[in-house]
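Undergrad: next comes the sequence, and after it the predicted model I'd like to discuss.
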Amino acid sequence: MIAIIKYNAGNIASVQNSLNRMGYESILTDDPREILSADKVIFPGVGEASSAMNYLKQHGLDRVLLQVEKPFLGICLGLQLMCRSSEEGDTKCLGIFDAVVRKFPSSVKVPHMGWSELVEPFTNSLINESFEDFYFVHSYYAEVNKQTTARCNYGVEFSAMIQKDNYYGMQFHPEKSGEVGEELLSKFLKL
């Protein structure tokens, strides 16, 4: 079973629709038992960090998500909430990844929206040379750190992918990145 975390964030349905197109069934849940018993957990989202973290705390999910032992994937806001903190709303996040989420500098157009190429070299087992451009939509980014496995540049270099143990994060939207995004999701689901 694939559990998609239900919380105060948007764009969750597009991930579920993408999984359905790929032939995978999933459930949308904020039930700790379902999350902890799932074979895979996906933490997608578009939204604002402080209100999303408030929802997680109110439902005890801030503690539950740290207990997941199966492959866990954070997408966009999900990746950001897995970091130490976010400048958005001065938010203390889950602390899985050792990174601070920062707002893009005023020298670039915000949000960063559209197709962008990852910067080599990659140290992520989910990607290979055939993966080039992915679809991004975000105003905040996770700084590059020792857990960064793929980078992107948009005025500043930032973490496009991060991994620690069974926790994976993608700043881009694989569900909106066409065939390469589906291939990347498929690799994650086969872990």
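TA: Cool, the structure landed.
Undergrad: buried residues in stretch 63-81?
TA: Neighbour counts using 16 or more other CB atoms under 10 Å place 64-65, 68, 70-81 of stretch 63-81 among the buried residues. Every C-beta, even on glycine, is put in place using the N, C-alpha and C of the backbone.
Undergrad: any idea of the mean pLDDT in it?
TA: Per-residue pLDDT over stretch 63-81 has a mean of 98.
Undergrad: ok so L56 is a helix residue?
TA: Yes - L56: assigned to a helix according to DSSP: H, G, I helix; E, B strand; the rest coil.
Undergrad: contact partners for the residue nearest to it when sequence neighbours are not counted?
TA: Nearest residue to L56 in three dimensions, chain neighbours excluded: D62, at 4.6 Å (CB to CB, 6 or more residues apart in numbering). Neighbour list for D62: M53, L56, L94 [criterion: CB atoms under 8 Å, 6 or more residues apart in numbering].
Undergrad: looking at the buried residues of stretch 63-81, which is nearest S116?
TA: S116 has its nearest neighbour among the buried residues of stretch 63-81 in C76, at 13.4 Å by CB to CB.
Undergrad: would you confirm that that closest one contacts P174?
TA: No - contact criterion CB atoms under 8 Å: C76 and P174 do not qualify, at 9.8 Å.
Undergrad: can you tell me how far Y7 sits from I42?
TA: Plainly put, Y7 is 12 Å away from I42 if you go by CB to CB, to the nearest Å.
Undergrad: so for these two, which sits in the more crowded spot?
TA: I42 (27 against 24; other CB atoms under 10 Å).
Undergrad: in what helix or strand does the more buried one lie?
TA: When elements are assigned from DSSP states H and E, I42 belongs to strand 40-43.
Undergrad: C-alpha coordinates for that strand, CSV please?
TA: Backbone C-alpha positions of strand 40-43 (Å, rounded to 0.1, in the frame of the first residue of the first chain) are rendered in CSV as follows:
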residue,chain,number,x,y,z
LYS,A,40,5.8,3.4,0.7
VAL,A,41,4.9,6.9,2.0
ILE,A,42,4.6,10.0,-0.2
PHE,A,43,4.6,13.5,1.3
